[in-house]
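K.L.:
Compute the structure for the input listed below.
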Amino acid sequence: MRIGRDAYELSELAERWHLSAADIRSLVGRGVLKLSVRIVAQPACLSFEERTEENEPFWVPAQNKVFSGLGDLALRDAFQIVRGGEARITHVLLPDPCLVTLRNEDGIRLGYGDLLVRSDHADQLQREVIGVPFNDAEAFDYRLFVYGDAEFAFTTPQARALEFMLRQTQAGAPDQHYTEILNAVGSSCQRLSSLFSRKPYWTRLLKKTVGQRGWYHLDPDFVVWRLTSS
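P.N.:
Numbering: from 1, shown residues only. Below is the predicted model:
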């Protein structure tokens with residue numbers, strides 16, 4: 001029997017998606033990856049959002065109760081945990097929107113192992129950002145493969161760049177500016193050659209688009225091979 005889950009542990013998604021600690025910090029810091037935690041039997045005050053005549057939001061306390069449920073972390077708290085390993089949390093957000101303020105004197109201390117990703121958010125990331133099959137154990141691994149007469153070995157960010165380019169090619173937009181490629185993989189590099197440093201053979205797969213400075217496309221023969229190989 002398969003049990004439905006409202007969230008996945010961040011650690012299991014990181015392993016499944018081949019995300020490094022630096023990848024996670026980048027995604028969280030940019031607000032792309034939103035993190036949640038499970039609160040269990042904690043005294044709390046629930047407040048709901050109201051707005052002034054000037055449309056400014058403010059919170060109105062509505063109920064004191066013992067709260068259990070999945071709450072979303074503020075960006076500052078989420079980044080503090082992925083950067084430092086733990087943080088003291090005093091409040092979480094619910095989708096309503098509702099602010100849950102924990103009534104313990106100093107909140108509760110949470111660590112990396114407590115971090116969760118809501119299932120619907122994980123599905124969205126899977127489709128729009130990560131781009132690797134979520135449940136396919138036989139997915140093609142761009143980190144190590146043999147093509148033609150050569151063996152290709154890439155790091156995880158480099159592999160995700162190739163995955164991104166293939167998805168764009170399939171979507172009818174094979175030519176991409178290097179900044180879009182770097183952004184898609186969460187790289188802080190300033191040039192595509194820097195992302196693929198010490199991998200000189202990457203230019204066999206990614207070609208410069210003639211007449212468009214800074215634009216690249218996948219080698220057509222590689223695309224055909226990739227789409228027709230098992």
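
K.L.:
secondary structure element for Gly69?
P.N.:
Assigned by DSSP states H and E, Gly69 falls within strand 57-72.

K.L.:
Also Val100?
P.N.:
strand 98-102.

K.L.:
Now do that strand against strand 57-72, angle only.
P.N.:
70 degrees (axes from the mean of the first three to the mean of the last three C-alpha atoms, to 10 degrees).

K.L.:
Kindly report the domain assignment for this protein.
P.N.:
7-130, 144-228 (automatic domain parsing).

K.L.:
Rebuild these as a markdown table, extending it with mean neighbour count and mean pLDDT.
P.N.:
Just so you know, the C-beta spots here come from the backbone N, C-alpha and C atoms, and that holds for glycine as well. Converted to a markdown table, the domains of the chain look like this (neighbours: other C-beta atoms under 10 Å; pLDDT from 0 to 100):
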| stretch | mean neighbour count | mean pLDDT |
| --- | --- | --- |
| domain 7-130 | 16 | 89 |
| domain 144-228 | 15 | 90 |
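
K.L.:
packing partners for the strand holding Gly69?
P.N.:
strand 36-51, strand 91-94, strand 98-102, strand 116-118 (3 or more C-beta pairs under 8 Å, 6 or more residues apart in numbering; DSSP states H and E).

K.L.:
how about CSV for those, with distance to Gln158 added?
P.N.:
As requested, the helices and strands packed on strand 57-72 are exported to CSV (distance: least, C-beta to C-beta, whole Å):
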stretch, distance to Gln158
strand 36-51, 30
strand 91-94, 36
strand 98-102, 41
strand 116-118, 24
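
K.L.:
mind checking which of these is nearest Lys199?
P.N.:
With C-beta to C-beta as the measure, strand 116-118 is the member of the helices and strands packed on strand 57-72 nearest Lys199 (30.5 Å).

K.L.:
Run the chain-centre distance for that closest one.
P.N.:
Its chain's C-alpha centre and that of strand 116-118 lie 11 Å apart, by C-alpha atoms, centre = their mean, to the nearest Å.

K.L.:
need the next SSE after that strand, C-terminal direction.
P.N.:
helix 119-125.

K.L.:
Can you show me the CA trace of that following helix as CSV?
P.N.:
Only the C-alpha atoms of helix 119-125 are listed here, as CSV (Å, rounded to 0.1, in the frame of the first residue of the first chain):
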residue,chain,number,x,y,z
SER,A,119,4.4,17.6,-1.9
ASP,A,120,2.8,20.1,-4.3
HIS,A,121,5.8,22.4,-4.1
ALA,A,122,8.1,19.4,-4.8
ASP,A,123,6.1,18.5,-7.9
GLN,A,124,6.3,22.1,-9.1
LEU,A,125,10.1,22.2,-8.6
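
K.L.:
following that helix, which helix or strand comes up?
P.N.:
That would be, after helix 119-125 and using DSSP H and E, strand 144-147.

K.L.:
Show residues contacting that next one.
P.N.:
Residues outside strand 144-147 that contact it (C-beta atoms under 8 Å, 6 or more residues apart in numbering): Glu151, Phe152, Ala153, Phe154, Leu205, Phe222, Trp225.

K.L.:
try stretch 75-89
P.N.:
Stretch 75-89 is contacted from outside by 21, 24-25, 28-29, 31, 34-35, 37, 73, 102, 106-112, 114-115, using C-beta under 8 Å, 6+ apart.

K.L.:
What's the separation between the most centrally placed residue in the chain and Val40?
P.N.:
Nearest to the mean C-alpha position of the chain, by C-alpha atoms, centre = their mean, lies Leu33 at 4.5 Å. Remark: distance between Leu33 and Val40 (C-beta to C-beta, to the nearest Å) = 23 Å.
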